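> output the structure for:
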Amino acid sequence: MFSLVIPAFNEEKCLYENINEIVKYVQKYDYEMILIDDGSKDNTWGVIQKLHSENSHIRGIRFSRNFGKEYALCAGVAEVQGDAAIIMDSDLQHPPEYIDAMIEKWSEGYKVVECVKEQRGKETLKNRISANAFYGLLYKFTGYNLKNGCDFKLLDRQVVDEINQLKESQVFFRGLVEWVGFKKCQIFYTMKERQGDTSKFNVKSLSKLALTAITSFSSSLLYLTIFLAILFFVIAIILGIQTLVNKISGNALTGFTTVILLQLIIGACVLGCLGIIGVYISKIYDEVKQRPRYIISEKI
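A predicted model of the protein is given here:
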């Protein structure tokens, strides 16, 4: 048996049709489907209940509030009972016709089968630039090349068990999959048009996800503060030598332009470094509190 893990947030309008479309591609298998309502404000939970009443293979989890997609994926993976889990979105941008190919690759011995976007579909220029910047920064600071990657993937039972043992509160799910390793392969696909409302992701949410991803999987930003300190120390030496030469030669200018510029540059550097350190301290603070990642209000 394999499991499908599908998060949903405010998907009342198209969830019923989309899930039944996915079922057409998996009904020939022994499967279970876990739908996670991430604290939707509409009747998404009612649709999940209806789907469950019509199909005993479908189970539902409802969050007490909106915790975010990363935590919804963790909740679904924690409930997986199958020998493998397929993670996908509910809006059909992850084409269900690729499920057969994913299972075939898994049967060949691959522990992780990743679907990678060959084409990103119709995107605004702003979203395309934001996505490229996100993956570029992530690769620069963590070494994980997740460009055009997505949450559409198959995870072997062994991978699922290892991910379920990772208990950090700040979660970047794709990063966790990359971190645990195992034998993996890729399948390229063309992303379809979204069925339903517009995407819930925007520049703000992507920036927040990027910060979580970088600080969760790399301490490079902390070492950046050391680099900046060395850089400005070298600049200070150069300006100091220049000032002494001008003084000795009698060409020293009156005023404090150089001093003021140095104070502004060093002050900005110090504040920036303190900000980076503050981000890491806030992550430590969140971990020390040991609050649960999410709260489940109902299950069916």
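> how does this protein divide up, domain by domain?
Domain segmentation of the chain under automatic domain parsing yields 2-216, 220-289.
> these: lowest mean pLDDT?
Ranked by mean pLDDT, these bottom out at domain 220-289, with a mean of 68.
> so E11 sits right up against A72, yeah?
No - the pair E11 / A72 is not scored as a contact, 11.8 Å apart, by CB atoms under 8 Å. Bear in mind the C-beta positions are built from the backbone N, C-alpha and C, glycine included.
> contact partners of stretch 10-28?
Stretch 10-28 has contacts (CB atoms under 8 Å, 6 or more residues apart in numbering) with 4, 6, 8, 33, 35, 40-44, 46-48, 50-51, 55, 57-58, 88, 90-92, 96-97, 99-100, 195-197, 200.
> quick one: buried ones out of those residues?
Neighbour-count burial (16 or more other CB atoms under 10 Å) applied to those gives 4, 6, 8, 33, 35, 40, 44, 47-48, 51, 57-58, 88, 90-92, 96, 99, 195-196.
> show me those that map onto helices.
44, 47-48, 51, 99 (DSSP state H).
> which one of those residues is nearest to N66?
Taking CB to CB as the measure, T44 is the one of these closest to N66, at 11.1 Å.
> right, and the closest one touches L51 too?
No - using CB under 8 Å, T44 is not in contact with L51; the gap is 10.6 Å.
> which helix or strand contains N10?
Using DSSP states H and E, N10 is not contained in any helix or strand.
> look at it and say how many residues are nearby.
Residues near N10, counting by other CB atoms under 10 Å, number 18.
> quick check: it vs G39, distance?
Distance, N10 to G39, using CB to CB, to the nearest Å: 9 Å.
> so which residues of the stretch 1-150 of the chain form helices?
15-26, 44-54, 69-78, 99-107, 125-142 (DSSP state H, counting those that start in this stretch).
> please, where are all the strands along the stretch 151-300 of the chain?
Along the stretch 151-300 of the chain, counting by DSSP state E, counting those that start in this stretch, strands occupy 153-156, 184-190, 296-299.
> please report the distance of M33 from E79.
11 Å.
> cool, F63 as well?
Distance, F63 to E79, using CB to CB: 13 Å.
> the more surrounded of those two?
A side-by-side neighbour count of F63 and E79, using other CB under 10 Å, places F63 first with 23 against 17.
> what is the more buried one paired to in the beta sheet?
Taking DSSP bridges as the rule, F63 bridges to I296.
> contacts only, for it.
With CB under 8 Å, 6+ apart, F63 has these contacts: 36-39, 71-72, 75, 294-297.
> any chance of TSV for those residues, columns distance to F173?
Listed next are the contacts of F63 as TSV, based on distance: CB to CB, whole Å:
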residue	distance to F173
I36	12
D37	18
D38	13
G39	17
Y71	9
A72	9
A75	11
Y294	13
I295	18
I296	18
S297	22
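> who wins on neighbours among those?
For the contacts of F63, the largest neighbour count, defined by other CB under 10 Å, is 30 neighbours, found at I36.
> quick check: beta-bridge partners of that one?
Beta bridges link I36 to P7, I61, judged by DSSP bridges.
> give the full set of residues in contact with it.
Applying CB under 8 Å, 6+ apart to I36 gives the contacts 5-8, 60-63, 72-73, 75-76.
> that one and P292, how far apart?
Using CB to CB, we find I36 at a distance of 15 Å from P292.
> and if you look at L154?
Distance of L154 to P292, given as CB to CB: 27 Å.
> for E168, same thing?
Distance, E168 to P292, using CB to CB: 12 Å.
> picking that back up, between the helices of the stretch 1-150 of the chain, which one is closest to I163.
For the helices of the stretch 1-150 of the chain, the distance to I163 is smallest for helix 69-78, at 6.0 Å, taking CB to CB.
> just name the most buried of the strands of the stretch 151-300 of the chain.
strand 153-156 (a mean of 25; mean count of other CB atoms under 10 Å).
> what helices and strands are in contact with that one?
With contacts defined as 3 or more CB pairs under 8 Å, 6 or more residues apart in numbering; DSSP states H and E, strand 153-156 has these neighbours: strand 84-87, helix 99-107, strand 112-119.
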